[in-house]
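**Q** How does the following fold in three dimensions:
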Amino acid sequence: MPYLFICIVLLLFSCGNNPSEKKTAAPPVPAGTPKENIKYVNGIKIETPAKQENFRFHDPVNLSFTAKERFEVDSAHIFLNGKQIGTTGKGIQTFSFTVPTSKVGPSTLKVTVFHPDNKRSISTQTIVVKPDKAPRKYTYDVVTTYAHDPKAYTQGLVYQDGFLYESTGQYGESGIRKTDMNTGKILSTLNIDSKFFGEGITIYKDKIYQLTWTSRKGFIYDVKSFSLESTFNYNTQGWGITTMGEKLIMSDGSNKLFHIAPSSFNVIKETEVYDNNGPVDRLNELEYIDGLIWANVWMQDRIVLIDPESGEIKGEIDLSRILSPNERNNLGDSDNVLNGIAWNPGKKTVYVTGKRWPKMFELKIRGQAK
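**A** This next block holds a predicted model:
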């Protein structure tokens, strides 16, 4: 009897644990699998604003789009330069907003429309944004005048700890030099290979970064010894360069500023530069001063002050009268124009000169932008 009882218990236990009688669980959803099976369709078109239509800061923008008859609009998300700025409801095909002051130049509008049955449509349009105000005009006082080597085709200036570092251009004449500002004595010079046309320089963490014009190659030197430590490459022309915190800012003769990672020289982002009339190109020598990028405009004796994030020109300085008429007549070549900006943070003054100019000027700017 006990034996029969044990057999029955074992038989019942075996039947109760038969895997074939268990309810099969649903397999887990693989990581990254979308919850919805979204299908993108060509169901909408932006009607307004028109392609490349011009706007200014604070202008109203009336966006409208049309949807094909078979694609009902459940809702829509509106984006400006990748940032969502609004949402519309069922059947609504318009949206209005005010142009923000965060960016000038080309801006991308994107509309993502949600249709029934997990369908979506996307349409984009490019508009152009300009500042709504003209740049503020600044004046200056000449604090001191220094002699400047009239053979130096100045491409860049940097001031640091009582010394002025200068980069010169022209094939066969390009190099860098270090000058004691107290004595005017040139302490160090280094010429580069005659196949390179030297351009702007900047100092970042005790290293001098020097650009060349069309060779797409730059040089990194030790600031104390002037010894060449390494080189770097870039995909544009090299014009001006400056240091802004942990980034370098570079110009290439267009209206663009390139934000550069010093370690790799990779472009982090690009900023287009506009004033209230439109793009301002031929940006040359650069200097970062109190939150703004100061830039020479090649073939013009003026400096523009640029917001490095938005690209808006906040101010400008006219230096067309800083040389006497006789000094200008003696410059010779027509491209011997203003070029070179260096900031003295201790004195809050700016050093400026030009290509083959006989003088360098220390300026105090009046009404300087914050």
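
**Q** When you work out contacts or count neighbours from here on, use the C-alpha atoms and nothing else.
**A** Noted.

**Q** chain center to the helix or strand Ile208 falls within, what's the gap?
**A** Under the criterion DSSP states H and E, the helix or strand holding Ile208 is strand 207-212. Counting by CA atoms, centre = their mean, to the nearest Å, strand 207-212 is centred 19 Å from the centre of its parent chain.

**Q** Tell me where the stretch 1-150 of the chain has helices.
**A** In the stretch 1-150 of the chain, the helices defined using DSSP state H, counting those that start in this stretch lie at 2-16.

**Q** Which stretches in it count as strands?
**A** When assigned using DSSP state E, counting those that start in this stretch, the strands of the stretch 1-150 of the chain occupy the ranges 39-40, 44-48, 54-56, 60-67, 75-80, 83-88, 94-98, 105-115, 119-130, 136-147.

**Q** Figure out which of those is closest to Ser324.
**A** Distances from Ser324 to each of the strands of the stretch 1-150 of the chain were compared using CA to CA; the shortest belongs to strand 136-147, at 13.0 Å.

**Q** who does that closest one pair up with?
**A** Sheet neighbours of strand 136-147, with direction, are listed as strand 313-318 (parallel), strand 359-366 (antiparallel) (DSSP bridges).

**Q** which strands and helices sit next to the strand holding Ile208?
**A** Contacts of strand 207-212 with other secondary structure elements, assessed using 3 or more CA pairs under 8 Å, 6 or more residues apart in numbering; DSSP states H and E, are made with strand 198-204, strand 217-222.

**Q** Put together a markdown table for those, with mean pLDDT on each row.
**A** Formatted as a markdown table, the helices and strands packed on strand 207-212 follow (pLDDT from 0 to 100):
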| stretch | mean pLDDT |
| --- | --- |
| strand 198-204 | 96 |
| strand 217-222 | 94 |
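
**Q** Tell me, how many residues neighbour Arg362?
**A** Just so we're on the same page, residue 362 is Glu rather than Arg. Other residues within reach of Glu362, judged by other CA atoms under 10 Å, total 21.

**Q** brain fart, Leu211
**A** Summarising burial for Leu211: neighbours were counted as other CA under 10 Å, giving 31.

**Q** Not counting sequence-adjacent ones, nearest residue to it?
**A** The shortest distance from Leu211 to any residue that is not its chain neighbour, by CA to CA, 6 or more residues apart in numbering, is 4.6 Å, and that residue is Gly218.

**Q** Same question for Ile293.
**A** For Ile293, ignoring the flanking residues on the chain, the nearest one in space by CA to CA, 6+ apart is Ile306 at 5.0 Å.

**Q** Quick one, grab the pLDDT at the one you found.
**A** According to the model's per-residue confidence, Ile306 sits at a pLDDT of 97.

**Q** The one 4 residues further on too?
**A** Note for Ser310: predicted pLDDT of 96.

**Q** Would you list the phi and psi of it?
**A** Ser310 has phi and psi values of phi -90, psi -30 when expressed as degrees, to the nearest 10.

**Q** what's around it, how many residues?
**A** Residues near Ser310, counting by other CA under 10 Å, number 17.

**Q** Check the one 3 residues further on too.
**A** The local packing of Ile313 (other CA under 10 Å) involves 27 other residues.

**Q** Who does it form a beta bridge with?
**A** On the basis of DSSP bridges, Ile313 is bridged to Ile306.

**Q** Please tell me I have it right and it contacts Glu272.
**A** No - contact between Ile313 and Glu272 fails when scored by CA atoms under 8 Å: they sit 10.3 Å apart.

**Q** related to what we said a few turns ago, need the residues that contact the strand holding Ile208.
**A** Residues outside strand 207-212 that contact it (CA atoms under 8 Å, 6 or more residues apart in numbering): 167, 196-203, 217-223, 237-241.

**Q** ok, now with 6 Å
**A** Residues from elsewhere that reach strand 207-212, judged by CA atoms under 6 Å, 6 or more residues apart in numbering: 197-202, 218-223, 238.

**Q** before we move on, what about stretch 169-178?
**A** So stretch 169-178 is contacted by 153, 164-168, 186-192, 194, 197-199 (CA under 6 Å, 6+ apart).

**Q** how about the helices and strands packed on strand 207-212 in a markdown table, adding distance to Thr145?
**A** As requested, those are arranged in a markdown table below (distance: least, CA to CA, whole Å):
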| stretch | distance to Thr145 |
| --- | --- |
| strand 198-204 | 22 |
| strand 217-222 | 29 |
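
**Q** how about the helices in the stretch 251-370 of the chain?
**A** Using DSSP H, counting those that start in this stretch, the helices of the stretch 251-370 of the chain run over 325-329.
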